[in-house]
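[1] I would like the atomic coordinates for the input below:
(chains A and B)
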There are 2 protein chains.
Amino acid sequence: MNFKTLEKISYGMYIVSSKKNDKINGQVANSVFQITSTPAKIAISINKNNLTHSFIEESKLFCISILPTDFPLKLIGQFGFKSGKEINKFENIEYKLTKNGLPYLKNSLVFIECKVINFVSEGTHTIFIGEVIESDILNIGEPMTYSYYHEIKGGGVSKNAPHYIEKEEK
Amino acid sequence: MNFKTLEKISYGMYIVSSKKNDKINGQVANSVFQITSTPAKIAISINKNNLTHSFIEESKLFCISILPTDFPLKLIGQFGFKSGKEINKFENIEYKLTKNGLPYLKNSLVFIECKVINFVSEGTHTIFIGEVIESDILNIGEPMTYSYYHEIKGGGVSKNAPHYIEKEEK
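    Here you go, the predicted model:
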């Protein structure tokens, strides 16, 4: 197989957030898709090493903030390349909470909150399947795609991403 | 919840194909993402009413052709709005077969063939989880995104898509 083929799959740029007791956390994610429309169900793929993963396991809830093209690269770095085990990622960030207490970014396009109804463990990652319980439009704009993030904004890849490949493997 | 929020999730444009005995079929799909990189695993969401769904169930194999921006709208119509129960979708189409006999389109960017290792039934759709067994680059170009298909090419939505919403529901 040729690993370069996988780079042609299209993705968006999202912050997936969750909570555990009084703590909140979020991380950059790309692997998000809708499964069914009635009822609306969404699947996401999250690395088991990430703090957000354990928060989703605990609360059985996750919230997706969809990022616009003008979302600052610096904030993507804060959510994508730092760990919630070491810093409070939401410090100095403008966010709101859903009724269930999950954070979403005020400068994202929309938020979509889901209740986990199923999950599949696949090696390094878990696919969480969620039913949408609350969602709303926050701002007007174009969603940032993963290729836009790479090519226009010059962003990098976290080693915990589903599509991360060690350089020597490429 | 606001169904309009789900339209901000980013997707690519793919033909997902499979076979059953000596028959081949394929359909347009958007819900495709990578789950893990070692080994490379991919998840897709397929409507249970579609012929491709029963072929994947039977063969335990699926192949993804990633479409370029210049892929003809007419061919998307052939794969997205017609049923393999009524026509041979690959008639008059330039395609090749993988070693396992699954078809992929010669004018797509890459093909990625997967062996089904797990699946999850979620109402109208099944998430098939596949491990990549063969893949290669076919042509150089930009992947067509779902928003490009809608906004630039003026394409429509099949009623069997995961994100299809009846007009009265919107």
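[2] what segments of chain A are strands?
    With DSSP state E, the ranges of strands along chain A come out as A:14-20, A:23-29, A:32-37, A:40-47, A:61-66, A:95-97, A:103-105, A:110-122, A:125-137.
[3] how about the third one as PDB, C-alpha atoms only?
    Below are the C-alpha coordinates for strand A:32-37, written out as PDB (Å, rounded to 0.1, in the frame of the first residue of the first chain):
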ATOM      1  CA  VAL A  32     -15.700  13.500  12.200                       C
ATOM      2  CA  PHE A  33     -18.600  12.300  10.000                       C
ATOM      3  CA  GLN A  34     -22.400  12.000  10.100                       C
ATOM      4  CA  ILE A  35     -23.800   8.500  10.100                       C
ATOM      5  CA  THR A  36     -27.600   8.900  10.000                       C
ATOM      6  CA  SER A  37     -29.900  11.900   9.800                       C
END
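[4] ok, it near chain B or not?
    Yes: Strand A:32-37 comes into contact with chain B (Cβ under 8 Å from any Cβ of the partner chain), by way of A:32-37. The C-beta positions use only the backbone N, C-alpha and C, and glycine is treated the same way.
[5] any quick ChimeraX command for the buried ones out of these?
    Buried subset of the residues of strand A:32-37 next to chain B, written as a ChimeraX selection, criterion 16 or more other Cβ atoms under 10 Å in any protein chain shown:
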select /A:32,33,34,35,36,37
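[6] in a markdown table: the strands of chain A, plus mean pLDDT.
    Below are the strands of chain A laid out as a markdown table (pLDDT from 0 to 100):
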| stretch | mean pLDDT |
| --- | --- |
| strand A:14-20 | 98 |
| strand A:23-29 | 96 |
| strand A:32-37 | 95 |
| strand A:40-47 | 97 |
| strand A:61-66 | 98 |
| strand A:95-97 | 98 |
| strand A:103-105 | 98 |
| strand A:110-122 | 98 |
| strand A:125-137 | 98 |
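[7] closest to residue B:83 out of these?
    strand A:32-37 (19.5 Å; Cβ to Cβ).
[8] partners of the closest one in the sheet?
    Strand A:32-37 sits in its sheet next to strand A:40-47 (antiparallel), going by DSSP bridges.
[9] and the angle from the partner strand to strand A:110-122?
    60 degrees (axes from the mean of the first three to the mean of the last three Cα atoms, to 10 degrees).
[10] what about strand A:40-47, distance to the chain center?
    9 Å (Cα atoms, centre = their mean, to the nearest Å).
[11] do the same with stretch A:94-109
    13 Å.
[12] is it in proximity to chain B?
    Yes: applying Cβ under 8 Å from any Cβ, one finds that stretch A:94-109 is in contact with chain B at residue A:109.
[13] same question, stretch A:70-88
    No: under the criterion of Cβ under 8 Å from any Cβ, chain B is not reached by stretch A:70-88; the shortest gap measures 12.7 Å.
[14] isn't residue A:11 up against residue B:31?
    No: using Cβ atoms under 8 Å, residue A:11 is not in contact with residue B:31, being 11.8 Å away.
[15] distance to residue B:73 added to the residues of strand A:32-37 next to chain B, as a markdown table?
    Formatted as a markdown table, the residues of strand A:32-37 next to chain B follow (distance: Cβ to Cβ, whole Å):
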| residue | distance to residue B:73 |
| --- | --- |
| A:32 | 26 |
| A:33 | 23 |
| A:34 | 23 |
| A:35 | 26 |
| A:36 | 26 |
| A:37 | 23 |
